[in-house]
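Colleague: Can you look at this prediction? I've put the sequence above it.
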Amino acid sequence: MNTVITTENLTKRFGDFTAVDRISFEVLKGEIFGFLGANGAGKTTAMRMLCGLLSPTSGKGLVAGFDIYKQSDDIKRNIGYMSQKFSLYEDLSVAENMRLFGGIYGMSPKNIISKTGEVLKELELNNERNTLVKSLPLGIKQKVSFAVSIFHTPKIVFLDEPTGGVDPVARRKFWEMIYQAAEKGITIFVTTHYMDEAEYCNRVSIMVDGRIEALDSPDKLKKTFHAGNMDDVFQSLARKAKNS
Amino acid sequence: MAMSDFNLPLSGSWGVRISGISKKYGETQALSNISFHVNKGELFGLIGPDGAGKTTLFRILTTLLLADKGIASVNGLDVVKQYREIRNIAGYMPGKFSLYQDLSVQENLDFFANVFNTSIEENYDLIRDIYIQIEPFKNRKAGKLSGGMKQKLALCCALIHKPLVLFLDEPTTGVDPVSRKEFWEILKRLKQENISILVSTPYMDEATLCDRIALIQSGKILSIATPEQIIKEYPQKLFAIRTENNYHLLKQLRKDPQVNSVYIFGEYLHVTFKDDVPNIEAKEITPSVEDCFIQLME
């Protein structure tokens, strides 16, 4: 099997505080991987290291085949990132945002044009093509944000609480887009506070106080913890936390 | 429901009364003709996504914004004419963290106590359960607290003057499931102090923790009732189906002319059918508030 993320004892300390404590895990190609944990458990710190934005204190990490210490620029070129805070330019239209991000990632103008047409059609955004991002409803913005994050066909896309605040229908449509991207071989690394969304992942890890305390498919985790749903699994693990 | 509400007098034994409130920002109708009431000592949930108008309504009720139309009162006090009195008896926790980031936990509490002419000691009973959880960090700057701790400090500050009515605008957004659960346990205890609580949330699973809820979308109320009643009113038979690959099943069901609606819900797909339920073996289930919200949106 093809792995796109591998970490070995990855650790980050800030002074006396160990934010991420020797985490080791693998994420496979095309997998939807849920990265869960309470506030303050170390998710964001771990994610920033994997995205090449923060240098680890110790341990090893390979993302998209690149070393997180020495090849952080290569990592950035090969991943996509989307957070609940929009990374889109509000004063640009949907298509202009795509052109800008495509250009930043070094795509050729011809490639950008064909890809824009393809993405707009696939995500049913043709009517919004020339609309300024600031005048789009939240659900559509989120869709565009996702489209832009995978515009350069990254190997992995990191989604940091992508569905916070959207209505229940838009939230489900968003997950259908995630499935669609995963089917095309893009690996999805996603954090969420919605426990029903944890069920949509192929595998889920749960971080507590900087450590990965559990990692498995939702079904197996529920069996292991004798829990009816992922919320119960999460509650039984995260209740022990000291850092939150 | 809305019409009969409209005719009730504004003063009386209500924590909050809202009649025909509308508000427009430019071309955007943020609220259209909203009417409901919160009983004294009731825990009332305003459930809806971002952009539904929840914050606009909170700002009108906390006397920070004027409505275009309609009237509202808080504990019998008019939000326009008696705004000063309301500010003394209402506690407000805005959606955006609004405490002083550069002040410590202790300094923030002292500051709010001072503003309201009281002291931490005076109403200590009310905040004790929450305060002891943040006490170990009392010298830490508010800006350096974790999300869950910030929430608890903000709630302490909103309670410091022992308000009669408490307005909580999305207190649990972005907070992990454990802290969310703790927060709702705190609200249940506050209810017993006979404080009227209006709380908003985008998390549908929190709806069942309220006495009554209003489902709100695009400035309009979709439904107001107890969570049990809203679930009872779900008009169709709802089925849960799962296979190895739910995404493939979802795509197939979308194409099936007999299928009325299909949505992913955790490990299952929730499906309703158009006329007669086809000859399949599926488990009929009780809808959740989230199912009801989706159905009412359609």
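Modeller: The structure has been received and is ready for your questions.

Colleague: ok, longest helix in the chain?
Modeller: I went with chain A, as the question did not name one. For chain A, the helix reaching the highest residue count under DSSP state H is reported as helix A:168-183.

Colleague: that's the wrong chain, I wanted chain B
Modeller: The longest helix of chain B (DSSP H) is helix B:177-191.

Colleague: what's it packed up against?
Modeller: Here helix B:177-191 is seen to pack against helix A:230-238, strand B:43-47, helix B:124-134, helix B:147-159, strand B:196-201 when contacts are counted using 3 or more C-beta pairs under 8 Å, 6 or more residues apart in numbering or on different chains; DSSP states H and E. C-beta coordinates here come from the backbone N, C-alpha and C atoms, glycine included.

Colleague: Go again with 7 Å.
Modeller: Counting contacts by 3 or more C-beta pairs under 7 Å, 6 or more residues apart in numbering or on different chains; DSSP states H and E, the secondary-structure elements packed against helix B:177-191 are helix A:230-238, helix B:124-134, helix B:147-159, strand B:196-201.

Colleague: of all these, which lies closest to B:Phe97?
Modeller: Nearest to B:Phe97, of all the helices and strands packed on helix B:177-191, is helix B:147-159, at 5.4 Å by C-beta to C-beta.

Colleague: Please provide the alpha-carbon coordinates for that closest one, formatted as PDB.
Modeller: What follows is helix B:147-159, C-alpha atoms only, in PDB (Å, rounded to 0.1, in the frame of the first residue of the first chain):
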ATOM      1  CA  GLY B 147     -11.100  27.500  23.800                       C
ATOM      2  CA  GLY B 148     -13.000  25.600  26.500                       C
ATOM      3  CA  MET B 149     -11.500  27.800  29.300                       C
ATOM      4  CA  LYS B 150     -12.200  31.000  27.400                       C
ATOM      5  CA  GLN B 151     -15.800  29.900  27.200                       C
ATOM      6  CA  LYS B 152     -16.000  29.300  30.900                       C
ATOM      7  CA  LEU B 153     -14.400  32.600  31.800                       C
ATOM      8  CA  ALA B 154     -16.800  34.500  29.400                       C
ATOM      9  CA  LEU B 155     -19.700  32.700  31.100                       C
ATOM     10  CA  CYS B 156     -18.400  33.700  34.600                       C
ATOM     11  CA  CYS B 157     -18.200  37.300  33.400                       C
ATOM     12  CA  ALA B 158     -21.700  37.200  32.000                       C
ATOM     13  CA  LEU B 159     -23.000  35.900  35.300                       C
END
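
Colleague: Can you get me a residue count around residue 199?
Modeller: If you meant another chain, say so; for now it's chain A. Here the count is done by other C-beta atoms under 10 Å in any protein chain shown, and A:Glu199 has 23 residues near it.

Colleague: Chain B was what I was after
Modeller: By other C-beta under 10 Å, the residues close to B:Val199 number 26.

Colleague: Under the pLDDT cut-off, which ranges of chain A? List them.
Modeller: Within chain A, the ranges that satisfy pLDDT under 70 run A:1, A:86, A:242-244.

Colleague: which residues touch the longest helix of chain A?
Modeller: A:30, A:32, A:123, A:139, A:142-143, A:146, A:150, A:157, A:162-163, A:188, A:197, A:200, B:204, B:247, B:263-264, B:290, B:293-294, B:297 (C-beta atoms under 7 Å, 6 or more residues apart in numbering or on different chains).

Colleague: rewinding a little: figure out which of the helices and strands packed on helix B:177-191 is closest to A:Arg48.
Modeller: helix B:147-159 (16.9 Å).

Colleague: immediately after the closest one, which helix or strand?
Modeller: Next helix or strand after helix B:147-159 toward the C-terminus (DSSP states H and E): strand B:165-168.

Colleague: and that next one, which strands flank it?
Modeller: The partner list of strand B:165-168 in its sheet, established with DSSP bridges, is strand B:90-93 (parallel), strand B:196-201 (parallel).

Colleague: Give the other helices and strands that the next helix or strand after the shortest one contacts.
Modeller: Same thing as strand B:90-93. On the C-terminal side of strand B:90-93, the closest following helix or strand by DSSP H and E is helix B:105-115. The elements that helix B:105-115 packs onto, with contact taken as 3+ C-beta pairs under 7 Å, 6+ apart, are helix B:147-159.

Colleague: And the helix it packs on, what does it pack against?
Modeller: Other elements packing on helix B:147-159 under the criterion 3+ C-beta pairs under 7 Å, 6+ apart are strand B:90-93, helix B:105-115, helix B:124-134, helix B:177-191.

Colleague: Quick one: the ones you listed as CSV, columns for mean pLDDT and mean neighbour count too.
Modeller: Below are the helices and strands packed on helix B:147-159 laid out as CSV (pLDDT from 0 to 100; neighbours: other C-beta atoms under 10 Å in any protein chain shown):
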stretch, mean pLDDT, mean neighbour count
strand B:90-93, 96, 23
helix B:105-115, 95, 18
helix B:124-134, 89, 16
helix B:177-191, 89, 18
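
Colleague: Could you check those and tell me which one is nearest B:Ser200?
Modeller: Taking C-beta to C-beta as the criterion, B:Ser200 comes closest to strand B:90-93 out of the helices and strands packed on helix B:147-159, the separation being 10.4 Å.

Colleague: now the closest one, how far from the chain's geometric center?
Modeller: Centroid separation between strand B:90-93 and its chain, computed with C-alpha atoms, centre = their mean, to the nearest Å, is 13 Å.

Colleague: Repeat that for stretch B:153-168.
Modeller: The gap between where stretch B:153-168 is centred and where its chain is centred comes out at 15 Å by C-alpha atoms, centre = their mean.

Colleague: Next, the distance between the ends of it.
Modeller: This stretch, stretch B:153-168, spans 13 Å end to end (C-alpha to C-alpha, to the nearest Å).

Colleague: Then stretch A:114-128?
Modeller: Between where stretch A:114-128 begins and where it ends, there is a gap of 17 Å, by C-alpha to C-alpha.

Colleague: same check, this time on stretch B:240-256
Modeller: Using C-alpha to C-alpha, first and last residues of stretch B:240-256 are 16 Å apart.

Colleague: Check stretch B:99-113 too.
Modeller: Between the start and the finish of stretch B:99-113 there is a gap of 13 Å, counting by C-alpha to C-alpha.

Colleague: would you list the helices and strands packed on helix B:177-191 in JSON lines and tack on distance to B:Val79?
Modeller: What follows is these, written out as JSON lines (distance: least, C-beta to C-beta, whole Å):
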{"stretch": "helix A:230-238", "distance to B:Val79": "38"}
{"stretch": "helix B:124-134", "distance to B:Val79": "24"}
{"stretch": "helix B:147-159", "distance to B:Val79": "18"}
{"stretch": "strand B:196-201", "distance to B:Val79": "13"}
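
Colleague: out of those, nearest to B:Ser73?
Modeller: Among the helices and strands packed on helix B:177-191, strand B:196-201 comes nearest to B:Ser73, with 11.8 Å by C-beta to C-beta.

Colleague: What is the subsequent helix or strand relative to that closest one?
Modeller: With secondary structure assigned by DSSP H and E, strand B:196-201 is succeeded by strand B:212-217.

Colleague: Return the list of helices and strands in contact with that next one.
Modeller: strand B:43-47, strand B:220-225, helix B:289-297.

Colleague: Note down every partner strand of that strand and its orientation.
Modeller: Sheet neighbours of strand B:212-217, with direction, are listed as strand B:43-47 (parallel), strand B:220-225 (antiparallel) (DSSP bridges).

Colleague: can you give me the mean pLDDT across it?
Modeller: Average pLDDT, strand B:212-217: 96.

Colleague: Give me the buried positions along that strand.
Modeller: Taking 16 or more other C-beta atoms under 10 Å in any protein chain shown as the neighbour-count basis, strand B:212-217 is seen to contain the buried residues B:Arg212, B:Ile213, B:Ala214, B:Leu215, B:Ile216, B:Gln217.

Colleague: In contact with the spatially most central residue of chain B, which residues are there?
Modeller: The C-alpha lying nearest the average C-alpha coordinate of chain B belongs to B:Ser200 (C-alpha atoms, centre = their mean; 1.7 Å). Contacts for B:Ser200 were tallied using C-beta under 7 Å, 6+ apart; they are B:Leu46, B:Lys54, B:Phe58, B:Asp169, B:Glu170.

Colleague: ok, the fourth one touching B:Gly95?
Modeller: What it means is B:Asp169. Yes: assessed by C-beta atoms under 7 Å, B:Asp169 is found in contact with B:Gly95 at 4.2 Å.
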